[in-house]
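A.B. asks: got a structure for you, letters missing:
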């Protein structure tokens, strides 16, 4: 290896390790939702791991061809910005859930710890996820909406009951699953309707 | 969609969802190692997420070409067998760390929740990781050894001090990093030597 090439690699490696240490912090970011059949809140690292596993096994349910590696990168990194910007509850009506300026600044700072090319690549993947326009981003977002639906139904209504969320709000947030997979949406819609029948999701807000 | 094809897909989806619910349990499996600069133990889901991120940013440090998607699948699923078989501490001298019969049985039961083809694929990927012969498995294993090294050095010796582990034991476990990446091994070896110099890793067991 030529000397200059080796120095470049060493320098890259140190930047990569700085990033690896920094992102450890997402293990402390607690979500509102709780683990399956549990009272314990899920943290962002566990959530991202679970979306990655869902992507691996559910990719074949996608209606359009998807680049699974790209979707995995998306779901694995999508919450890293919360290290600086914090987790915003999806049914929070006071704060805008996505694309906040704080998240953009966070993306620049945290991914910016990496060598320039990698930083650019991961920021682009994160922006693609936020925008939600490509098949990969649609699939990644459907995973992000489907996991808490499974968790809430396993937890007797979970955050829906805890935060007084009704059928229409849930339906509006979950319907984007349809943009990725008809079969998963079919399953999700059935779960939502069953939740109303069981009385763990209210038909109208009171 | 023809009726019979739809039934097959629905049946596959239910199996996939059963698997997705089952693997939630790895969030309760506590490792011996602790988070960076922390007293809090890491759990298996957090650990697998971190190895996946390390894979994404460190893949370019691999000495041989690797299929990143395959490595990601490996690191994301490699600890799922611990749901049934439990976590065995790498410096445990009484138990064999890898390839135990309990882990094989666990792999069959847990991946066996999936549709047959997917179960076979993931069991094969898990076995490839355990065997450690391919470039992908070597890289995945190097990530698995590198993360706790970074954690222990950030934690003033961490599990080395807690369990009276010495330089030679650490060196023997970590040296396989060299099979994946000379630059990462170079960095790792420097960290190990510095740890001895700082007195957070003993030269010889007492």
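C.D. replies: The structure has been received and is ready for your questions. Predicted model, so just to flag it, every value in this text is computed and none were measured.
A.B. asks: Mind giving me the packing neighbours of the strand or helix carrying residue A:50?
C.D. replies: Per DSSP states H and E, residue A:50 falls inside helix A:44-58. Applying 3 or more CB pairs under 8 Å, 6 or more residues apart in numbering or on different chains; DSSP states H and E, one finds that helix A:44-58 contacts strand A:30-34, helix A:68-77, helix A:135-154, helix B:3-22, helix B:44-58, helix B:68-77. All C-beta atoms are positioned from the backbone trio N, CA, C, and that covers glycine.
A.B. asks: Relative to residue B:178, which of these is closest?
C.D. replies: Between residue B:178 and the helices and strands packed on helix A:44-58, the tightest spacing by CB to CB is seen for helix B:44-58, at 14.3 Å.
A.B. asks: ok, residue A:131 touching residue A:137?
C.D. replies: Yes - assessed by CB atoms under 8 Å, residue A:131 is found in contact with residue A:137 at 6.4 Å.
A.B. asks: The two: which is more packed in?
C.D. replies: Applying other CB atoms under 10 Å in any protein chain shown to residue A:131 and residue A:137 shows that residue A:137 carries more neighbours, namely 23 against 12.
A.B. asks: if I look at that one, how far off is residue A:124?
C.D. replies: Distance of residue A:137 to residue A:124, computed by CB to CB, to the nearest Å: 11 Å.
A.B. asks: same deal with residue A:85?
C.D. replies: As defined by CB to CB, residue A:85 lies at a distance of 18 Å from residue A:124.
A.B. asks: For those two, indicate the residue with more neighbours.
C.D. replies: Per other CB under 10 Å, whichever of residue A:85 and residue A:124 has more neighbours is residue A:85, with 19 against 11.
A.B. asks: Contacts only, for the more buried one.
C.D. replies: Listed by CB atoms under 8 Å, 6 or more residues apart in numbering or on different chains, the contact set of residue A:85 reads A:100, A:102-103, A:105-106.
A.B. asks: how close does residue A:127 get to chain B?
C.D. replies: Residue A:127 sits 16 Å away from chain B, going by CB to the nearest CB, to the nearest Å.
A.B. asks: Could you report the neighbour count for that residue?
C.D. replies: 13.
A.B. asks: same question, residue A:168
C.D. replies: By the criterion of other CB under 10 Å, residue A:168 has 12 neighbours.
A.B. asks: For the helix holding residue A:50, the averaged confidence score.
C.D. replies: The average pLDDT for helix A:44-58 rounds to 98.
A.B. asks: Repeat that for stretch A:122-130.
C.D. replies: 97.
A.B. asks: How far does it sit from its chain's centre?
C.D. replies: The chain centroid and the centroid of stretch A:122-130 are separated by 12 Å under CA atoms, centre = their mean, to the nearest Å.
A.B. asks: Other residues contacting that stretch?
C.D. replies: Residues beyond stretch A:122-130 that count as contacts (CB under 8 Å, 6+ apart) turn out to be A:70, A:73-74, A:77-78, A:80-81, A:98-99, A:103, A:107-108, A:111, A:114, A:134, A:136-137, A:140-141, B:56.
A.B. asks: Repeat the analysis, applying 7 Å as the threshold.
C.D. replies: Contact with stretch A:122-130 is made by A:70, A:73-74, A:77-78, A:81, A:98-99, A:107, A:111, A:114, A:134, A:137, A:140, as judged by CB atoms under 7 Å, 6 or more residues apart in numbering or on different chains.
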